[in-house]
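Trainee: Dropping a prediction and its sequence here:
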Amino acid sequence: MSILARRRKITNFIVAALASAAAVLSLAILASILWTLFARGLPALRWTTLTTSMAPTGENGGLANAIIGSLIQVGIGMAIATPIGVLAGTYLSEYARGSKIGNVTRFVSDILLSAPSILIGLFVYTLMVATTKTYSGFAGAVALAVIAIPIIIRTTEDMLSLVPIALREAAAALGAPKWKVTTLIAWRAAGSGMLTGLLLALARVAGETAPLLFTSLGNLNWSVSLTKPMASLPVAIYQFAASPYEDLVQLAWAGALLITLGVLVINILAQLTIGRRR
């Protein structure tokens with residue numbers, strides 16, 4: 001074996017070993033997080049936790065109002081962000097390549113993507129809470145939507161950019177208009193990647209605390225009104241985790257486990273759906 005071949009073999013072995021070690025380390029960290037969540041959160045996950053509203057220590061409170069509040073705010077936020085993000089990402093990929101307005105839109109989207117969530121919370125607070133003089137669940141949903149939009153824009157644009165140009169040219173050669181080529185060809189080809197982007201945005205906003213502290217605030221009582229303060233799991237976890245009372249700390253662990261399981265189940269179902277379509 002020549003010196004060059006031996007050097008290449010050694011280099012390949014080192015790189016493969018480092019990559020394998022990084023993969024094992026990542027899996028170990030993930031397993032450690034999941035183990036801690038299950039070990040600390042599962043004992044506190046009782047039926048009353050899912051059916052009883054939040055209450056002061058010693059009153060056997062649960063997280064029912066926080067769970068419903070999170071579902072409402074995340075659901076509305078994603079309902080607002082999804083069409084805006086998908087259409088904006090489609091515009092950047094299909095219609096605005098090389099244009100000034102496309103470059104400006106992409107630049108603003110990248111800034112929002114890297115902006116701290118607490119700044120977005122302050123922005124929505126100034127825009128909605130300070131003007132209406134009240135915290136509200138809808139303000140929290142808008143804050144989550146602002147966080148999700150740039151994620152969806154970026155992933156949609158990237159996934160559409162990976163669709164081979166030959167597919168578009170074939171559809172155009174058959175006389176299909178541009179909007180049909182985009183929706184029936186490009187979107188279908190990039191569907192799994194775009195769905196992954198939606199899941200990434202969902203996972204990001206599901207655990208956000210800072211923007212909700214400035215917008216929906218939180219509520220110990222049962223409330224599903226979008227015009228009033230609304231409870232949420234991240235805010236409940238933030239409040240209970242710093243409590244000196246063990247029963248509230250246990251509820252914080254149970255809330256963290258519920259968020260993790262919710263995101264995990266949604267990801268598994270989405271992947272199963274994509275696999276069946278293929």
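Mentor: All right, it came through fine.
Trainee: Counting neighbours, which bits of stretch 44-55 end up buried?
Mentor: By neighbour count on 16 or more other C-beta atoms under 10 Å, the buried set for stretch 44-55 is 44-45, 49, 52-55. Using the backbone N, CA and C atoms, a C-beta is placed for each residue, glycine as well.
Trainee: Pull that stretch out as PDB, backbone CA atoms only.
Mentor: This file holds the C-alpha atoms of stretch 44-55, laid out as PDB (Å, rounded to 0.1, in the frame of the first residue of the first chain):
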ATOM      1  CA  ALA A  44     -46.600  13.600  38.800                       C
ATOM      2  CA  LEU A  45     -48.600  12.800  35.700                       C
ATOM      3  CA  ARG A  46     -51.900  11.700  37.200                       C
ATOM      4  CA  TRP A  47     -55.500  11.900  35.900                       C
ATOM      5  CA  THR A  48     -56.100  15.000  38.100                       C
ATOM      6  CA  THR A  49     -53.100  16.700  36.400                       C
ATOM      7  CA  LEU A  50     -55.000  16.500  33.100                       C
ATOM      8  CA  THR A  51     -58.400  17.400  34.400                       C
ATOM      9  CA  THR A  52     -57.900  19.900  37.200                       C
ATOM     10  CA  SER A  53     -57.000  23.600  36.700                       C
ATOM     11  CA  MET A  54     -53.900  25.200  38.300                       C
ATOM     12  CA  ALA A  55     -54.200  26.000  42.000                       C
END
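Trainee: what mean pLDDT does it have?
Mentor: Stretch 44-55 shows a mean pLDDT of 91.
Trainee: Next: stretch 89-105.
Mentor: The model assigns stretch 89-105 a mean pLDDT of 92.
Trainee: how far does that stretch stretch from start to finish?
Mentor: 10 Å (C-alpha to C-alpha, to the nearest Å).
Trainee: Could you do stretch 210-226 as well?
Mentor: Counting by C-alpha to C-alpha, you get 19 Å between the two ends of stretch 210-226.
Trainee: just how off-centre is the longest helix along the chain within its chain?
Mentor: Longest helix in the chain, counting residues (DSSP state H): helix 3-41. Remark: helix 3-41 is offset 26 Å from the chain centroid, using C-alpha atoms, centre = their mean, to the nearest Å.
Trainee: tell me which residues of it are tucked away?
Mentor: 37, 40-41.
Trainee: Adding pLDDT and distance to residue 269, write these out as JSON lines.
Mentor: Converted to JSON lines, those look like this (pLDDT from 0 to 100; distance: C-beta to C-beta, whole Å):
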{"residue": "37", "pLDDT": "93", "distance to residue 269": "20"}
{"residue": "40", "pLDDT": "94", "distance to residue 269": "26"}
{"residue": "41", "pLDDT": "93", "distance to residue 269": "21"}
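Trainee: Closest to residue 174 out of those?
Mentor: Distance to residue 174, by C-beta to C-beta, is smallest for residue 37 among the buried residues of helix 3-41, at 52.1 Å.
Trainee: That closest one: what's it in contact with?
Mentor: Applying C-beta atoms under 8 Å, 6 or more residues apart in numbering to residue 37 gives the contacts 253, 256-257, 260.
Trainee: Minimum pLDDT in the residues you listed, which residue is that?
Mentor: Of all the contacts of residue 37, residue 260 has the smallest pLDDT value, namely 92.
Trainee: circling back: so which of the contacts of residue 37 are in helices?
Mentor: Those of those mapping onto helices are 253, 256-257, 260, per DSSP H.
Trainee: which stretches of the stretch 1-150 of the chain form strands?
Mentor: Listed in chain order, the strands of the stretch 1-150 of the chain (DSSP state E, counting those that start in this stretch) amount to none at all.
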